[in-house]
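Engineer: Show me how the following folds:
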Amino acid sequence: MNMIVAVDRNWGIGRDNGLLASIPTDMKFFREKTTGKVVVMGRKTLESMPGAKGLPNRVNYVLTANPDYQAEGCKIVHDEYELFDALAQYDPDDVFLIGGASLYNRFYKYCNKLYITKMDADLNADAFIKDIDKDDDFEVISESEPVTENGITFRFVLYRKKKEGLDRARTLRF
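Structural biologist: Model (predicted):
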């Protein structure tokens, strides 16, 4: 499984259940990485999207504790066991965790690659993820040159889990 997220310098990812900034190049990067793939999100992330429905051209999984929850274009799962059982049919490289903060913080350790857009700004977030730079299980394997768009300078940073092996199998078997 992979994770894809944009963070500010404090590892903030959102404010008022929305994105921190509008960066078209980052949105294009997100589309390129996830189109034709499997995306996993929480209910609040889904409900923050236009029409509160699944993303087009992707298999959409929504994790929610609500047993009656339904959403257009989405497969609903209710706990991590059900989620990992459902994801077992896919290549782990084709699965992307796309938010929100509670899912990122809960499941990032099961990811082998983390695609993180690092924005060099404090954007007054109210939702945060763990500072991956302080996690010894991950290492930076590539980093783009800085780009500035809509007044925000950012870099695309790719992290990799240092030990895949057994952890890769656990990704799909919780």
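
Engineer: Can you tell me the number of residues neighbouring the nearest residue to residue 30 once chain neighbours are set aside?
Structural biologist: Residue nearest to residue 30 in three dimensions, not counting chain neighbours: residue 4, with 6.1 Å by C-beta to C-beta, 6 or more residues apart in numbering. In short, each C-beta sits where N, CA and C put it, glycine included. By other C-beta atoms under 10 Å, 22 other residues sit near residue 4.

Engineer: Equivalent analysis for the one 5 residues further on, please.
Structural biologist: Residues lying near residue 9 (other C-beta under 10 Å) number 12.

Engineer: Wait, it touches residue 128, no?
Structural biologist: No: judged on C-beta atoms under 8 Å, residue 9 makes no contact with residue 128 at a distance of 11.4 Å.

Engineer: Residue 76 belongs to a strand?
Structural biologist: Yes: applying DSSP: H, G, I helix; E, B strand; the rest coil, one finds residue 76 inside a strand.

Engineer: wait, what's in contact with it?
Structural biologist: Residue 76 makes contact with 61, 62, 64, 69, 70, according to C-beta atoms under 8 Å, 6 or more residues apart in numbering.

Engineer: Just the buried residues from these, in PyMOL please.
Structural biologist: To isolate the buried ones among the contacts of residue 76 in PyMOL, judged by 16 or more other C-beta atoms under 10 Å, type:
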select buried, resi 61+62+64
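
Engineer: Of the contacts of residue 76, which belong to strands?
Structural biologist: 61, 62 (DSSP state E).
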